[in-house]
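**Q** sequence and predicted model, in that order:
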Amino acid sequence: MELEKRPEGRPQEPPRRSDPEGCVAAVIRVPVRIVVLVLVVPVRMAWDMLVVAGRFLRDTVFRPAGRALAWLGRVLFVWPLVGIWRYAVVPLGKGAAFLGRVLLVVPAVWLYRWVLTPAGRGLYSALAWLGRYLVVVPAAWLYVWLLTPMGHALAWCGRGLAWCGRGIAWCLGMIVTGVGAVLYWTTRVLVVLPALALWRWVLTPVGRVLAVIGREVVDALGHAWRIAGYVSRAFGRFLGTLWRWTVAEPARWAYRSVLTPVGHAVRDTVLRPLADAGRAAGRATRQALAAARLTVRQTRADVRRALFGEPAKPRPADRREPSVAEARTLGSSTTALTKD
């Protein structure tokens with residue numbers, strides 16, 4: 001215990017580690033991390049590529065296919081089953097429940113309440129009376145006058161046997177104790193102490209070294225996986241930039257600067273005049289066909305008129321009501337129907 005006070009301006013030195021774990025970790029840390037990094041970087045890049053491909057397939061193939069299969073399943077299975085359940089099974093179940101209640105439950109309840117319950121009560125009373133006078137009374141007499149004296153006699157014999165058993169048990173206990181003590185010290189000297197020395201002086205140091213190595217390997221795997229992620233991300237960005245500047249941007253420039261003006265020029269100089277000419281030709285054709293149909297219709301009407309004459313015009317029916325003078329009167333026997 002330190003009795004002197006430390007100066008205020010002097011910083012306290014960190015405690016030094018005296019165990020050999022620090023030097024072992026320092027010796028194996030750098031080589032293990034280098035080897036693990038070299039092994040993990042290709043695995044991480046392949047993993048990232050698989051992840052990107054899986055997301056693309058999920059968004060473009062699996063998700064639409066899943067939605068289509070879900071809709072097809074609803075159409076083929078869910079909706080028919082719901083309709084069968086709602087309009088067939090449920091009404092049949094309700095009808096069967098009503099019939100079962102009327103034909104089974106109600107008669108069973110009536111039979112239990114008015115037949116089985118009174119019969120059971122009477123049978124229970126009869127059996128209780130018979131059991132009391134045929135079983136309980138003889139059993140009580142047998143217990144009092146026969147079993148109790150025999151039990152007392154057996155109890156006295158049991159006490160003597162117990163005293164003899166305690167003596168025999170004490171003798172056996174002494175023998176077992178001695179044999180156990182001999183076996184205990186023999187096992188301790190021949191097995192326990194060598195095993196304890198082996199555990200303390202051999203297995204424990206080896207286990208500590210292996211634990212340090214395992215921990216360093218796990219830490220190296222974690223660092224290598226993170227570094228491989230950074231490398232894979234940088235490589236992916238490089239590929240994306242390379243694709244952008246070698247394919248996407250030239251294609252966009254060609255579409256904007258070459259294909260779009262050429263398409264507009266072709267549309268304005270070729271397609272639009274052809275479309276106007278086509279519309280004009282169609283309009284003229286429709287007008288010619290309409291004039292031809294009108295000419296044919298007039299010619300057919302002239303031929304029919306020349307062969308069969310003018311068609312008879314239908315005479316319009318007189319639907320007017322009779323006037324007051326033509327209507328039936330009270331002072332005359334004639335009516336509007338018999339009057340000339």
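**A** Happy to help now that I have it. Numbers count the residues shown, from 1 in each chain.
**Q** make it CA atoms for all contacts and neighbour counts henceforth
**A** Noted.
**Q** so which residues of the chain form helices?
**A** Applying DSSP state H to the chain gives helices spanning 21-57, 63-73, 79-84, 90-100, 106-111, 117-131, 137-142, 148-187, 193-198, 204-243, 249-254, 260-266, 272-308.
**Q** any idea how far the second one is from the middle of the chain?
**A** In terms of C-alpha atoms, centre = their mean, to the nearest Å, the centre of helix 63-73 is set 15 Å apart from its chain centre.
**Q** swap in the fourth one?
**A** Remark: helix 90-100 is offset 34 Å from the chain centroid, using C-alpha atoms, centre = their mean.
**Q** now swap in the last one and tell me
**A** With C-alpha atoms, centre = their mean as the basis, helix 272-308 stands 68 Å off its chain's centre.
**Q** could you give the mean pLDDT of it?
**A** Computed over helix 272-308, the mean pLDDT rounds to 85.
**Q** how about the first one?
**A** Per-residue pLDDT over helix 21-57 has a mean of 79.
**Q** that helix packs against which elements?
**A** Using 3 or more C-alpha pairs under 8 Å, 6 or more residues apart in numbering; DSSP states H and E, the elements in contact with helix 21-57 are helix 204-243.
**Q** buried ones in the helix it packs on, by neighbour count?
**A** 209, 212-213, 216-217, 220-229, 231-232 (16 or more other C-alpha atoms under 10 Å).
**Q** shaky segments in this structure?
**A** 1-25, 311-340 (pLDDT under 70).
**Q** so how far is stretch 168-180 off the chain centroid?
**A** That offset, for stretch 168-180, works out to 66 Å (C-alpha atoms, centre = their mean).
**Q** swap in stretch 31-49?
**A** Taking mean C-alpha positions (C-alpha atoms, centre = their mean), stretch 31-49 and its chain are 35 Å apart.
**Q** that one: which residues count as buried?
**A** Going by neighbour count (16+ other C-alpha under 10 Å), the buried part of stretch 31-49 is V32, R33, V36, L37, V40, V41, R44, M45, D48.
**Q** and these as a markdown table, adding distance to W129?
**A** Listed next are the buried residues of stretch 31-49 as a markdown table, based on distance: C-alpha to C-alpha, whole Å:
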| residue | distance to W129 |
| --- | --- |
| V32 | 93 |
| R33 | 93 |
| V36 | 92 |
| L37 | 94 |
| V40 | 91 |
| V41 | 93 |
| R44 | 89 |
| M45 | 92 |
| D48 | 89 |
